[in-house]
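*Asks:* model the structure of this input:
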Amino acid sequence: MNRYKYMYLLRFLLSIGVAFSLFAASDTWAQTRADVTVYAAASLKESLDALARQFEKQQALSVRVSYGATSALARQIEKGAPADVFIAADLEWMDYLARRQLLRVATRGNLLSNRLVLIAPADSKVALTIAPKFPLAEALGANRLALADPASVPAGKYARAALEALGVWPAVSSRIAPGENVRAAMALVARGEAPLGIVYRTDVLAESRVRVIGEFPASLHSPIVYPAAVLAESRSPSAQVLLQFLRSAEARSVWRKYGFVVEAAGR
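*Replies:* Coordinates of the predicted model:
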């Protein structure tokens, strides 16, 4: 075989190999692609994971859930992230997407509610009574208070509002250890890197290394509401089916098991 025929054959075989590799990669992607992709607040992880697995078994569909701070997820959706369903931890960020016409408005409704608690490491001996002007700063000593970022993350915004209403925010505002989401804030307390933190009541059920010191009265902040909606750009015919399942009687029992209060449908 002369050199030119050899080079031609080599190119031909290489092109066949590349084509086969691309086909195999495409086939693998198709097999792993989820039927429904959900963007959800970090505080929903254990409960929503359990419900997603139930839904998958019943419907023979695949569900992928990405968890994070509601603010970060909303901005990702705004930039075109390929999600089908969004479950936020407050109304503001859902309204943010609604104003940008990124929701299927008819599918929107409030799904759950929650409560805010003050936590400490499980072996901590600190005792505090949540009340106006309570000595939170003194209890921190030279350390910091763990919160989800109060500038943008719902759990942090609720916490700041509660502390402002109690008149203690000025004393601790410069001593905040901000987490990118509520679970990150709880992790600081669980690891002993912060002596106190403020998280959702449901978060504590997922972490044995922390304990609740007290619960903040709901009147101190705006209602902690988790709205859910199908996104306008969703191409999944199963997105609405999943959302209906999450509002079903079967799902309500799971939400309650994980400590959530189930909301009536609607705004």
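
*Asks:* ranges for the strands of the stretch 151-267 of the chain?
*Replies:* Secondary structure of the stretch 151-267 of the chain (DSSP state E, counting those that start in this stretch): strands at 176-179, 196-200, 210-215, 225-230, 261-262.

*Asks:* which strands or helices does the first one pack on?
*Replies:* What it means is strand 176-179. Under the contact criterion of 3 or more Cβ pairs under 8 Å, 6 or more residues apart in numbering; DSSP states H and E, the helices and strands touching strand 176-179 comprise strand 145-148, helix 182-190. (C-beta placed from N, C-alpha, C; glycine too.)

*Asks:* what mean pLDDT does it have?
*Replies:* Along strand 176-179, the predicted confidence averages to a pLDDT of 97.

*Asks:* sorry, back to before: what's the most buried one of the helices and strands packed on strand 176-179?
*Replies:* strand 145-148 (a mean of 29; mean count of other Cβ atoms under 10 Å).

*Asks:* dump that one to CSV, keeping only the CA atoms.
*Replies:* Taking C-alpha atoms only, strand 145-148 is exported to CSV below (Å, rounded to 0.1, in the frame of the first residue of the first chain):
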residue,chain,number,x,y,z
LEU,A,145,-23.6,34.5,64.5
ALA,A,146,-24.2,32.1,61.6
LEU,A,147,-26.9,33.2,59.2
ALA,A,148,-27.7,32.7,55.5
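
*Asks:* ok so, going back, out of the strands of the stretch 151-267 of the chain, which one sits most buried?
*Replies:* Mean neighbour counts were compared across these using mean count of other Cβ under 10 Å; the top stretch is strand 196-200, at a mean of 28.

*Asks:* just to revisit the earlier point, I'd like to know which of the strands of the stretch 151-267 of the chain lies nearest to Arg100.
*Replies:* The closest of the strands of the stretch 151-267 of the chain to Arg100 is strand 225-230. By Cβ to Cβ, the value is 12.7 Å.

*Asks:* which helices and strands does that closest one pack with?
*Replies:* Helices and strands touching strand 225-230, by 3+ Cβ pairs under 8 Å, 6+ apart, are strand 85-87, helix 91-99, strand 109-113, helix 239-246.

*Asks:* partner strands of it, parallel or antiparallel?
*Replies:* Within its sheet, strand 225-230 is paired with strand 85-87 (antiparallel), strand 109-113 (antiparallel), according to DSSP bridges.

*Asks:* and the residue nearest to the spatial centre of the chain, how far from Leu128?
*Replies:* The C-alpha lying nearest the average C-alpha coordinate of the chain belongs to Ala41 (Cα atoms, centre = their mean; 1.7 Å). Summarising the geometry, the distance separating Ala41 from Leu128, computed by Cβ to Cβ, to the nearest Å, is 27 Å.

*Asks:* how about the helices in the chain?
*Replies:* For the chain, the helices defined by DSSP state H cover 3-32, 45-59, 70-78, 91-99, 136-140, 154-166, 169-172, 182-190, 201-204, 239-246, 249-257.
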